[in-house]
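Enquirer: what shape does this take:
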Amino acid sequence: MIQTIFANLPAMLFTLSLGAALLGLLVWALALQGAASKRTAQYLWGLAVVLALIGFVRAIAGP
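Expert: Sure thing, here's the model as predicted:
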């Protein structure tokens, strides 16, 4: 099972980056209402970019 996960690592990283970006969007919307910090949303978006870049590089590099 672990081998299957690592075989599809670029797809998993891309999915996690989409989740982090959507969570950042939710936190940003809450920050507009004063219920959260915009800095947290920026950290989540940064995490999303890093995960997407790692997934992209792994997909290009191949197995």
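
Enquirer: from here on, just use CA atoms for contacts and neighbour counts.
Expert: Fine.

Enquirer: which SSE is immediately downstream of the helix or strand containing residue 6?
Expert: For residue 6, the host element (DSSP states H and E) is helix 2-7. Later in the chain than helix 2-7, the nearest helix or strand by DSSP H and E is helix 9-32.

Enquirer: and the helix holding residue 6, what other elements does it pack with?
Expert: Of the remaining helices and strands, none touches helix 2-7 by 3 or more C-alpha pairs under 8 Å, 6 or more residues apart in numbering; DSSP states H and E.

Enquirer: what comes up buried for it?
Expert: Within helix 2-7, no residue counts as buried by 16 or more other C-alpha atoms under 10 Å.

Enquirer: kindly export that helix (C-alpha atoms) in CSV.
Expert: Taking C-alpha atoms only, helix 2-7 is exported to CSV below (Å, rounded to 0.1, in the frame of the first residue of the first chain):
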residue,chain,number,x,y,z
ILE,A,2,2.8,2.4,0.8
GLN,A,3,4.5,1.6,-2.5
THR,A,4,1.3,2.7,-4.3
ILE,A,5,1.2,6.0,-2.4
PHE,A,6,4.8,6.7,-3.3
ALA,A,7,4.3,5.7,-6.9
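
Enquirer: and that helix, how far from the chain's centre?
Expert: 19 Å (C-alpha atoms, centre = their mean, to the nearest Å).

Enquirer: repeat that for stretch 7-18.
Expert: Counting by C-alpha atoms, centre = their mean, stretch 7-18 comes out at 9 Å from the chain centroid.

Enquirer: same check, this time on stretch 40-57
Expert: 5 Å.

Enquirer: and that stretch, which residues are buried?
Expert: Buried, per 16+ other C-alpha under 10 Å, within stretch 40-57: 41-42, 44-49, 51-56.

Enquirer: any regions of the chain where pLDDT drops low?
Expert: Applying pLDDT under 70 to the chain picks out residues 63.
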